[in-house]
Structures are given as C-alpha cells and as structure tokens.
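Student: Build me a model from this:
(one chain, ligands or ions: 1)
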Amino acid sequence: MIKNTIVALLLIGSGSVFAAQTATTASAEQPMKHKDMNAHHMGKHQGKNSDGAYHHRFNDAEAWAKKFDQPERDAWQKPEQIIDALTLPPNALVADVGAGTGYFSVRIAKRVLEGKVFAADIEPDMVRYLGERAKRENLTNITPVQASAESPNLAEPVDVMLFVDAYHHIGNRVAYFSNLAASLNADGRLVLVDFNMESPNGPPKEHLVSLEKVTEELKAAGYKLVQTHDFLPQQYFVVFQKIAP
Ligand SMILES: C[S@@+](CC[C@H](N)C(=O)[O-])C[C@H]1O[C@@H](n2cnc3c(N)ncnc32)[C@H](O)[C@@H]1O
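Tutor: Below is the predicted model:
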C-alpha cells in the first residue's frame, strides 16, 4: 500500500514536470494538435524520413500565425537585429524559403522597398496566406511562391536566401542545396537561422540538425561558412557562400 502510494506520487510528480516542459516547448514549433497534422505530407508520413527531413503539415495558416507571429517571439528571435546584420541594400532580391506566415518576409519587404522578397513555402495554405497578408499590409514587393520538395521554384536568382527554422524540414539536403546554387547570385549569401540543441523552443530535439552537420552537408553541396553571428540566445545564425568553381 505504502509502496503503491509512493509510485503514484512519483508518477504524478514526473507528469507535472512533463506537462511544464510541454507547455514551454509548445510555444514555438511543436506539431499542432490538428486533424491534418497526422495526414501524409507530400506523400510522406509525418516524422523523420529516410531523406533526413522532419515532415509534417503546416496547413491552417491562420492557426499557425497565432504561434509564429506571437509578439513574445520577438524577444528571442530578434528579427530586426537579424535583418540589420544582413545589411541589405534597398534593391536587394531576397528569398525567404519556408516562409510560413511571413514573420520574416514582411519585415524584410519593408527594408528592401526597391527590391523583392520571394516568400516560398511548400504548404499551399501558407502560400495562400502569404499572398493575402502581403495584400493586407500593402507590400507589393512580396511574391508568394509555391515551393516543392526539390526546389523553392524561384523565378530569378537572388542575393540572399534565408531559411529560418526551415533547414530541418528539407529532404535530401545535399542534392537540394547543390541545385539551389543556380538560384543564388555569384556573391549571394545563403543564411540559416535554426534552433540549437539547448533551446526550450523549436521542434522535438531528434529533428534538430546541429551546426556541425549543417556545415558538413553544405560543404558537400558546394558552400562554405563565411560568417557566424552569436547574439541569438536559442539559435545559430550563420551565412554561407558558394565555393568558387
Ligand atoms: C517552422 S516553419 C518556419 C516559418 C518561418 N520561417 C518562421 O520563421 O516563422 C517551417 C516552414 O517551412 C515550410 N517547409 C517545409 N518544408 C519545406 C520545403 N521543402 N520547401 C519550402 N518550405 C518548406 C513549412 O510548410 C513551414 O511553413
């Protein structure tokens, strides 16, 4: 009886710790409890695939907007500081790949008023939302783009290609980024921002890709690491360029 009570107390205790952790991590990129979240994604099951990616659906953009665009995110995401660090000229051509609800796309569009932002996403509902948001916010320099698993499908080469919390969703990354080189201008920059292992936010840890692995994969795809910024508390922020042929 005493033994059973102790076991019960231990279970209740560990349950509350788990609940607390779940509440914290759910603030960013946890899969949502949504009927479509269990559906196949582009012909693949949710979860880690043999192509090395973390696949799950991001439909119901309005619901995701409540997470991705919550004002509390700004404190640790530091979007304006990230964009400052990119030193974009006003006529820059930028691709925000895995743009989601446009958290970065709209901020960048306001900085490159003579340039363009291609906001590319694989999820059709995000592409729909991005178009509506650009119209609503009167940002005529945003072009929403329907990406595929193989390519962001950019209409022209860009100066900066940004992946925020998106790299770990890309499958067959060495092939993907090798092909992507054609859409990046000669001195263009490939910019990645993604969660580090210690972050309380972001996807489940088993889906994170360490900076070491990223650097290794991108080297194999023909890129070199040229800049590292260390002001983000939960993420790495790194810049790659193409290795000259
Ligand atoms: C965690 S969200 C990040 C959204 C946005 N970058 C942000 O910081 O708020 C990841 C996004 O990547 C998109 N995505 C996943 N795989 C993709 C792919 N292969 N090509 C383009 N977008 C992809 C998802 O649909 C989703 O909108």
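Student: Could you use CA atoms for every contact and neighbour count after this?
Tutor: Will do.
Student: Look up how far the ligand lies from Ser178.
Tutor: As judged by CA to the nearest ligand atom, to the nearest Å, Ser178 and the ligand stand 14 Å apart.
Student: ok, Val240 - contacts?
Tutor: For residue 240 the amino acid is Phe, not Val. Contacts for Phe240 (CA atoms under 8 Å, 6 or more residues apart in numbering) come out as Arg189, Leu190, Val191, Tyr223, Lys224, Leu225, Val226, Gln227.
Student: In what element of secondary structure is Arg189 found?
Tutor: strand 184-195 (DSSP states H and E).
Student: Output the contacting helices and strands for that strand.
Tutor: Packed against strand 184-195 by the contact rule (3 or more CA pairs under 8 Å, 6 or more residues apart in numbering; DSSP states H and E) you find strand 158-164, strand 235-242.
Student: ok, so of the contacts of Phe240, who is nearest Trp76?
Tutor: Val191 (17.8 Å; CA to CA).
Student: what does the model give the residue lying closest to Val97 once chain neighbours are set aside for pLDDT?
Tutor: Among residues not flanking Val97 along the chain, Ala120 sits closest, at 4.9 Å (CA to CA, 6 or more residues apart in numbering). On pLDDT, Ala120 comes in at 98.
Student: returning to what we had before: distance to Ile108 and mean pLDDT for the helices and strands packed on strand 184-195 - can I get that in CSV?
Tutor: Converted to CSV, the helices and strands packed on strand 184-195 look like this (distance: least, CA to CA, whole Å; pLDDT from 0 to 100):
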stretch, distance to Ile108, mean pLDDT
strand 158-164, 10, 98
strand 235-242, 16, 98
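Student: Please identify which of those strands is closest to Asp125.
Tutor: For Asp125, the closest of the helices and strands packed on strand 184-195 is strand 158-164, at 18.3 Å, according to CA to CA.
Student: other SSEs contacting the closest one?
Tutor: Under the contact criterion of 3+ CA pairs under 8 Å, 6+ apart, strand 158-164 touches strand 93-97, strand 184-195.
Student: in its sheet, what does that strand sit against?
Tutor: Strand pairing for strand 158-164, using DSSP bridges, gives strand 93-97 (parallel), strand 184-195 (parallel).
Student: Of all the ones you listed, which one is nearest the ligand?
Tutor: Closest approach to the ligand among those is made by strand 93-97 (5.4 Å; CA to the nearest ligand atom).
Student: Residue numbers of the protein in contact with the ligand?
Tutor: Contacts of the chain with the ligand, taken as CA under 6 Å from any ligand atom, map to 29, 58, 68, 97-100, 103, 120-123, 147-149, 152, 164-166, 169-170.
Student: sorry, back to before: which of the contacts of Phe240 count as buried?
Tutor: Buried by 16 or more other CA atoms under 10 Å: Arg189, Leu190, Val191, Tyr223, Lys224, Leu225, out of the contacts of Phe240.
Student: can you put the residues you listed in TSV and add pLDDT?
Tutor: TSV is the format used below for the buried ones among the contacts of Phe240 (pLDDT from 0 to 100):
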residue	pLDDT
Arg189	98
Leu190	98
Val191	98
Tyr223	98
Lys224	98
Leu225	98
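Student: And the strands in this structure, which stretches?
Tutor: For the chain, the strands defined by DSSP state E occupy 47-48, 54-55, 93-97, 116-121, 142-146, 158-164, 184-195, 223-229, 235-242.
Student: Tell me what angle the last one forms with strand 158-164.
Tutor: Here strand 235-242 runs at 150 degrees with respect to strand 158-164, directions being taken by axes from the mean of the first three to the mean of the last three CA atoms, to 10 degrees.
Student: starting at the chain centroid, how far to strand 235-242?
Tutor: Computed by CA atoms, centre = their mean, to the nearest Å, the chain-centroid distance of strand 235-242 equals 13 Å.
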